[in-house]
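In: let me see the structure of the following:
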Amino acid sequence: MQKDVTKIPFTTYQKYVIFILAITQFSVILDFMVMSPMGDMLMKSMNLKPAQFGMAVSAYAFSAGISGILTAGFADRFDRKKLLLFFYTGFIVGTLFCGFANTYFLLVAARIITGIFGGVIGSVSIAILADIFDIHHRGRVMGFVQMGFGASQVLGVPISLFIANKWGWQSPFLMVAIMSALIAVLITIKLQPVTRHLESQKDHNALLHLLRTVSKKDYRLGFYATSLLSIGGYMMMPFGSAFAINNLHISAVQLPILFMVSGVSSLVIMPIVGKMADKIDKFKLFAVASVWMMLVVVLYTNLSVTPLWLVIIFNIMMMMGIMSRMIPSSALTTGIPDMADRGAFMSINASLQQIAGGAAAAFAGMIVVQKDKLSPLQHYNTLGYVIVCISGIGIFMVYRVSLLVKRKLKEATV
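Out: Below is the predicted model:
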């Protein structure tokens with residue numbers, strides 16, 4: 001029965017929703033992703049230590065997490081389109097401030113503002129998708145929407161690095177702000193109101209709605225699983241470019257090539273994984289991908305000076321594991337909340353994801369050591385071993401989420 005359901009084609013409007021939310025995710029992810037490849041440039045231009053740079057990355061994550069929790073009680077009380085536009089406008093303003101920051105203090109402050117608004121956009125987008133698409137199509141939908149991650153590496157990161165090398169590290173943020181303003185216009189004109197969830201609202205008090213959402217045992221299971229997955233993902237990312245340049249001896253000219261090839265591979269992988277997630281057991285796909293990623297991470301973090309072609313192969317293999325984990329786990333998570341709680345659940349879930357990721361980035365900054373600007377990073381392989389341990393626990397948690405979702409689907413069909 002499920003295989004027949006997955007063959008139903010999307011309508012023209014559904015395809016547009018996927019497109020508009022994909023490019024929205026592209027802009028938000030690019031704003032966050034560009035910090036990593038510019039990490040070496042920022043650390044050298046501002047004379048930052050790894051711990052300081054880790055804190056700059058964490059500033060976005062922590063503020064996004066706090067913002068998500070504060071807005072969770074209101075997330076199901078408004079038209080999701082209006083909510084998306086409100087936070088996206090704030091994100092644009094914050095990104096613009098990043099482009100004008102000229103000191104470490106101003107940069108951190110600007111990242112906090114951007115995080116307050118930008119960190120909620122993903123949860124609102126996923127709530128919109130979950131309202132429009134049933135769970136049998138969400139693997140494919142997540143595969144397309146999260147192509148923003150790959151597109152940011154294929155187009156965004158190389159272009160950002162190019163203009164950063166030419167006009168300074170602030171210029172990519174200005175580019176993202178201008179692009180996001182154009183996307184906001186498209187959302188305003190084309191996206192229809194998303195209000196079906198308002199019909200099933202029971203809580204008129206925002207605080208009560210937040211507390212009721214958090215108090216549900218099934219929901220908390222999803223929160224725990226998401227937090228664990230985020231810790232592993234954020235640990236390596238902030239120091240990826242610094243490790244490639246200082247340890248693997250990838251040049252600043254080769255770095256955009258590395259990100260571009262990795263991004264192209266993810267653009268190819270994600271739609272395939274999305275279709276697979278709708279046709280086979282989502283947990284099994286997640287578990288296999290997790291084991292694959294754990295093996296590749298251990299090997300990669302222990303590399304020393306390595307030729308570009310081999311570094312590219314390792315990055316493609318890592319991308320295969322990361323994407324093949326992200327899509328089925330995200331699709332499973334959308335099956336946990338009831339429609340009346342979906343906005344609040346997704347907002348809290350995104351908040352915990354950001355807070356856990358911010359803590360992981362800050363923790364990674366304390367583990368990784370660099371004697372001076374040009375010396376190799378030390379203890380980067382320790383991060384790899386920590387990620388393996390956390391990923392192992394994550395497999396067990398997502399298994400429990402899978403059992404929960406299957407139970408809810410069975411109850412819904414009785």
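
In: going forward, measure contacts between C-alpha atoms and count neighbours the same way
Out: Noted.

In: can you confirm residue 76 is in a helix?
Out: No - assessed with DSSP: H, G, I helix; E, B strand; the rest coil, residue 76 is coil; it does not lie in a helix.

In: contacting residues around the closest residue to it other than its chain neighbours?
Out: Closest residue in space to residue 76, ignoring its immediate chain neighbours: residue 343 at 5.0 Å, by C-alpha to C-alpha, 6 or more residues apart in numbering. Counting by C-alpha atoms under 8 Å, 6 or more residues apart in numbering, residue 343 touches 72, 75-76, 123-124, 127.

In: just residue 145 next, same as before
Out: 18-19, 21-23, 25.

In: verify the stated contact: residue 226 with residue 353.
Out: Yes - using C-alpha atoms under 8 Å, residue 226 is in contact with residue 353, at 6.0 Å.

In: picking that back up, so can I have CSV of the contacts of residue 343 showing neighbour count?
Out: As requested, the contacts of residue 343 are exported to CSV (neighbours: other C-alpha atoms under 10 Å):
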residue, neighbour count
72, 30
75, 28
76, 29
123, 25
124, 26
127, 25
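
In: just those residues now: which is nearest residue 178?
Out: Nearest to residue 178 among the contacts of residue 343, counting by C-alpha to C-alpha, is residue 124 at 21.6 Å.

In: give me the distance between the residue most central in space within the chain and residue 115.
Out: Central residue of the chain (C-alpha atoms, centre = their mean): residue 29, 6.6 Å from the mean position. Noted for residue 29: a distance of 11 Å to residue 115, by C-alpha to C-alpha, to the nearest Å.

In: for the chain, name the helix or strand with the lowest mean pLDDT.
Out: Within the chain, confidence by mean pLDDT, DSSP states H and E is lowest for helix 2-6 among all helices and strands, at a mean of 48.

In: next SSE downstream of that one?
Out: helix 12-33 (DSSP states H and E).

In: for that next one, name the packing helices and strands.
Out: Judged by 3 or more C-alpha pairs under 8 Å, 6 or more residues apart in numbering; DSSP states H and E, helix 12-33 is in contact with helix 104-132, helix 135-145, helix 147-151, helix 171-190.

In: got the CA coordinates for that helix in CSV?
Out: Presented in CSV, the C-alpha positions along helix 12-33 are these (Å, rounded to 0.1, in the frame of the first residue of the first chain):
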residue,chain,number,x,y,z
THR,A,12,2.2,22.2,-9.4
TYR,A,13,1.6,24.2,-6.2
GLN,A,14,3.3,21.5,-4.1
LYS,A,15,6.3,21.6,-6.4
TYR,A,16,6.4,25.4,-5.9
VAL,A,17,6.2,25.0,-2.1
ILE,A,18,9.2,22.6,-2.2
PHE,A,19,11.1,25.1,-4.4
ILE,A,20,10.4,28.2,-2.3
LEU,A,21,11.3,26.5,0.9
ALA,A,22,14.4,24.9,-0.6
ILE,A,23,15.8,28.3,-1.6
THR,A,24,14.8,29.7,1.7
GLN,A,25,16.8,27.0,3.4
PHE,A,26,19.6,27.6,1.0
SER,A,27,20.0,31.2,2.1
VAL,A,28,19.7,30.4,5.9
ILE,A,29,22.2,27.4,5.6
LEU,A,30,24.6,29.5,3.5
ASP,A,31,24.6,32.2,6.2
PHE,A,32,25.6,29.6,8.7
MET,A,33,27.8,27.4,6.5
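
In: which elements pack onto whatever helix or strand comes next after that helix?
Out: Sequence-wise, the next helix or strand downstream of helix 12-33 (DSSP H and E) is helix 39-45. For helix 39-45, the packing partners by 3+ C-alpha pairs under 8 Å, 6+ apart come out as helix 50-72, helix 240-246.

In: among those, which is nearest residue 163?
Out: helix 240-246 (16.7 Å).

In: give me the next element, helix or strand, following the closest one.
Out: Once helix 240-246 ends, the next helix or strand along the chain (criterion: DSSP H and E) is helix 255-279.

In: that next one versus helix 135-145: what angle between them?
Out: 170 degrees (axes from the mean of the first three to the mean of the last three C-alpha atoms, to 10 degrees).

In: next SSE after helix 255-279?
Out: helix 282-301.

In: in that following helix, which of the residues would be classed as buried?
Out: By neighbour count on 16 or more other C-alpha atoms under 10 Å, the buried set for helix 282-301 is 282-287, 289-298, 300-301.

In: SS state for the residue nearest to residue 76?
Out: Under three-state DSSP, the three-state class of residue 343 is helix.

In: how close does it sit to residue 261?
Out: Residue 343 is 35 Å from residue 261, by C-alpha to C-alpha.

In: now swap in residue 382 and tell me
Out: Applying C-alpha to C-alpha, the value for residue 382 to residue 261 is 26 Å.

In: quick one, which of these two is more surrounded?
Out: residue 261 (18 against 15; other C-alpha atoms under 10 Å).

In: contacting residues around stretch 385-393?
Out: For stretch 385-393, contacts defined as C-alpha under 8 Å, 6+ apart pick out 228-229, 231-232, 235, 290, 294, 297-298.

In: how does it look with 10 Å?
Out: If you take C-alpha atoms under 10 Å, 6 or more residues apart in numbering as the criterion, stretch 385-393 is touched by 225, 228-236, 287, 290-291, 293-295, 297-298, 301, 364, 381, 394, 397.

In: quick check: closest non-adjacent residue to residue 232.
Out: Spatial nearest neighbour of residue 232, excluding adjacent residues (C-alpha to C-alpha, 6+ apart): residue 387 at 4.9 Å.

In: residue 354 too?
Out: Residue 354's closest residue in space is residue 61 (C-alpha to C-alpha, 6+ apart), at 4.6 Å.

In: in this structure that neighbour contacts residue 231, no?
Out: No - using C-alpha atoms under 10 Å, residue 61 is not in contact with residue 231, being 11.5 Å away.

In: joint contacts of these two?
Out: Counting by C-alpha under 10 Å, 6+ apart, the residues touching both residue 61 and residue 231 are 353-361.

In: now neighbour count and secondary structure too, for those residues, in TSV please.
Out: TSV is the format used below for the shared contacts of residue 61 and residue 231 (neighbours: other C-alpha atoms under 10 Å; DSSP: H, G, I helix; E, B strand; the rest coil):
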residue	neighbour count	secondary structure
353	27	helix
354	30	helix
355	25	helix
356	25	helix
357	27	helix
358	28	helix
359	23	helix
360	24	helix
361	30	helix
